[in-house]
Structures are given as structure tokens and as C-alpha cells.
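S.K.: Below is the sequence, then the predicted model.
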Amino acid sequence: MSSLRIFLRPGEKVFLNGAVLRADRKVSLEVLNDVSFLLESHVLQSHETTTPLRQLYFIIQAILINPADAADARDLYRHSYDLLSETVMNPQMRAGLATVDECVKEDRTFEALKVIRQLYPIEQEILSGTAVPVQSLEREAV
């Protein structure tokens, strides 16, 4: 049986299967079975959902943190994902979103969140207008 070690600093929180635990001192936990968890440093607060990708992250985070309401969050995810995937033209972002969707469908929400965090810089480039347009890439290839 494989195990997972989680290291927490004093006052740090971890979200385990919908429960919120806070360490009162430096501690390490060894998880011996499958568990859904999210470290406090990876939890996005509602006021931080300032971009479409961060909004999608927040919805997936709700699936992970609050299993009791996961069905509603999944419905909201599907709607938000469909809208976002229809508007994104950047090939890297489209590929990343496809990976996110596959992870969510396979109930690998932690991995989906990890992929989204990796897409943040690409989204920032797109929103700031510094990303290379798809048409420019096609012209360079010719």
C-alpha cells in the first residue's frame, strides 16, 4: 500500500474529504488510503476569481473541498467549461483545457487544479495581449 505524506506549518490548513484541519504546530501527516485533499496555499478565495480560468479553478476546487455539494458544482463546471472552451483559440490553452476536462470526468480533480495553475501564465499573456495570435503562428509556418 502506498502512502502520502503531508507536511503542515503551524496554523496552516488542509482540506481533507470536505473536512478542514488546522495544525497548531509543525506536523506531518501520513495518509494511508485514497483521500481528496487540498493544501491551504492552493485554495483560491472567491475574491481572487478575477479571470475565466480562475473561476473554473474555483468551481473545481468546490468539487474537491465539498463532496456533499459536488453534483451542483459539477453542473456549474460543465456549463463554465463549455463556455470557456468555445471562446479560447490559443492551442496551448485548448490542449490544457482538454486535459482539465478529462481529469474532471475521471474524478481526478486535484490533477485538474494542478493543470489549471500551469495555464495561468498563458491566460495572463492572452488577457494582456502579449500572446502570439494563432494567425501569426500559421503565417510563420508557411
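M.R.: Structure received.
S.K.: roughly how far apart are the residue nearest in space to the middle of the chain and residue 10?
M.R.: Centroid-nearest residue in the chain, with C-alpha atoms, centre = their mean: residue 113, separated by 2.0 Å. Computed as C-beta to C-beta, to the nearest Å, the residue 113 to residue 10 distance reads 25 Å. From N, CA and C alone the C-beta is placed, and that goes for glycine too.
S.K.: Pretty sure residue 40 sits against residue 16.
M.R.: No - assessed by C-beta atoms under 8 Å, residue 40 is found out of contact with residue 16, at 11.7 Å.
S.K.: can you list the weak-confidence ranges in this structure?
M.R.: 1, 131-142 (pLDDT under 70).
S.K.: quick one: the strands in it?
M.R.: 4-8, 13-16, 19-22, 27-31, 37-39 (DSSP state E).
S.K.: tell me the angle the first one makes with strand 27-31.
M.R.: For the pair strand 4-8 and strand 27-31, the angle between their directions (axes from the mean of the first three to the mean of the last three C-alpha atoms, to 10 degrees) equals 160 degrees.
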